[in-house]
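Novice: Have a look at this fold, sequence not included:
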């Protein structure tokens, strides 16, 4: 009987040691993740975002239209997507490149139906009391930067 008790004590000790090793390695992975946690990509300091005195925000979002319907559009830039709501108050403009290279690109008013998947857009969104309101969508012909003059070749 004494050998049976010794065997049982040794078995319990070995099982406890194995269980402790398993728990230690599990909690180590939880407490110290192998991959670093993502940093806040926001250019705005967290203290401003959490300050209740700041109630209204305005943002400019630039990218390419991935999908589009009457009520919203999804734009993408550098692998990041944003779902943008469109309302009756949203204004739409398209910059049109001039036919001659001597005049400036000019905006023209358009409607949401004139937008196309693949358009480069700049979207202005206001956040009033935390609710997003899209104020305007501007379509640019070549890039998300507004053209100020016609395209000129180096020889001109």
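Specialist: That came through fine. Model, not experiment: these values are computed from the prediction.
Novice: Correct me if wrong, but residue 7 is in a helix.
Specialist: Yes: counting by DSSP: H, G, I helix; E, B strand; the rest coil, residue 7 is found in a helix.
Novice: buried residues in stretch 61-70?
Specialist: Going by neighbour count (16 or more other C-beta atoms under 10 Å), the buried part of stretch 61-70 is 61-63, 65, 68. Bear in mind the C-beta positions are built from the backbone N, C-alpha and C, glycine included.
Novice: again, but for stretch 110-130
Specialist: Quick answer for stretch 110-130 (16+ other C-beta under 10 Å): 110, 112, 115, 119-125.
Novice: can you check stretch 95-110 too?
Specialist: 95, 97, 105, 110.
Novice: before we move on, back to that, out of the buried residues of stretch 110-130, list just those in strands.
Specialist: The strands in this structure, assigned by DSSP state E, contain 110, 120-125 from the buried residues of stretch 110-130.
Novice: Please name every helix or strand in contact with the longest strand seen in the chain.
Specialist: In the chain, assigned by DSSP E, the strand with the most residues is strand 56-68. When contacts are defined as 3 or more C-beta pairs under 8 Å, 6 or more residues apart in numbering; DSSP states H and E, strand 56-68 packs onto strand 72-77, strand 80-85, strand 120-128.
Novice: Looking at these, spot the one closest to residue 49.
Specialist: strand 120-128 (10.5 Å; C-beta to C-beta).
Novice: According to the record, where do the domains of the protein fall?
Specialist: Here the domain parsing of the chain from automatic domain parsing is 1-35, 46-140.
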